[in-house]
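Trainee: Below are the sequence and a predicted model; questions follow.
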Amino acid sequence: MDYISDIRAKIGHDPIILTFAGGILADEDNKVLLQKRSDFKEWGLPGGAIDFGETAEESCVREFKEEIGIDVKVISLLGVSTDNIQHYPNGDVAQAIVIAFLVKKISSKNSNTDTETIKFDYFGKENLPKIFNKQHKFMIDKFFKNETPFYD
């Protein structure tokens, strides 16, 4: 089992605080990579829960590999977001603490083999799709406004 599944097996859907790490990968046109998530069927930034014993940087790198199939390197901290109570489609509730990084792609091939990702694509600030939560939207907006580091 994984970390969140282990916790949820003990407490069910009760509210908890979870810490996540993810990042923004921008292409040469300053478009950001987004994933269409299988749980919400909407778009968001690649990232996920930090596993026990893992650093935020390690988690960010792992999540990009698992969810999008690319290797990235953390370049810098973008910010920290704490202002979101997330209600998941399965009934779970969590306050999400997100540590966001700017990352650089170091592999040349994208491949999606993860069940958490329906698809992924790059989007500019003028053509962003609907983002699944206000926290990811906040981080994307701060990135495009070059207002980093950020916190809420």
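Mentor: It's in.
Trainee: From the opening residue of stretch 103-114 to its closing one, how far?
Mentor: Start and end residues of stretch 103-114 are separated by 20 Å (Cα to Cα, to the nearest Å).
Trainee: which residue ranges form the helices in this protein?
Mentor: Counting by DSSP state H, the chain has helices at residues 3-11, 56-67, 134-144.
Trainee: how far away is the residue most central in space within the chain from residue 80?
Mentor: Nearest to the geometric centre of the chain sits residue 47, at 2.9 Å (Cα atoms, centre = their mean). Noted for residue 47: a distance of 13 Å to residue 80, by Cβ to Cβ, to the nearest Å. In this view, the C-beta of every residue, glycine as well, is placed from N, C-alpha and C.
Trainee: still on that earlier bit, in the beta-sheet assignment, what are the partners of the residue nearest to the centre of the chain?
Mentor: For residue 47, the beta-bridge partners are residue 22 (DSSP bridges).
Trainee: Return every residue with contacts to both of residue 47 and residue 80.
Mentor: 98, 100 (Cβ atoms under 8 Å, 6 or more residues apart in numbering).
Trainee: in its sheet, what does the longest strand along the chain sit against?
Mentor: Secondary structure of the chain read by DSSP state E shows that its longest strand is strand 93-105. Note on strand 93-105: by DSSP bridges, its sheet partners are strand 16-25 (parallel), strand 72-81 (antiparallel), strand 85-87 (antiparallel).
Trainee: mind listing what's buried in the shortest one?
Mentor: Using 16 or more other Cβ atoms under 10 Å as the test for burial, strand 85-87 gives residue 86.
Trainee: now that strand: mean pLDDT?
Mentor: Strand 85-87 carries an average pLDDT of 94.
Trainee: got a list of contacts for that strand?
Mentor: Against strand 85-87 from outside (Cβ under 8 Å, 6+ apart): 15, 93-96, 133, 135.
Trainee: if you set the cut-off to 7 Å instead, what comes out?
Mentor: 93-96, 133 (Cβ atoms under 7 Å, 6 or more residues apart in numbering).
Trainee: Most neighbours of all those, which one?
Mentor: For the contacts of strand 85-87, the largest number of neighbours (other Cβ atoms under 10 Å) sits with residue 94, at 22 neighbours.
Trainee: Skipping adjacent residues, who's closest to that residue in space?
Mentor: In space, and not counting its chain neighbours, residue 94 is closest to residue 18: 4.6 Å by Cβ to Cβ, 6 or more residues apart in numbering.
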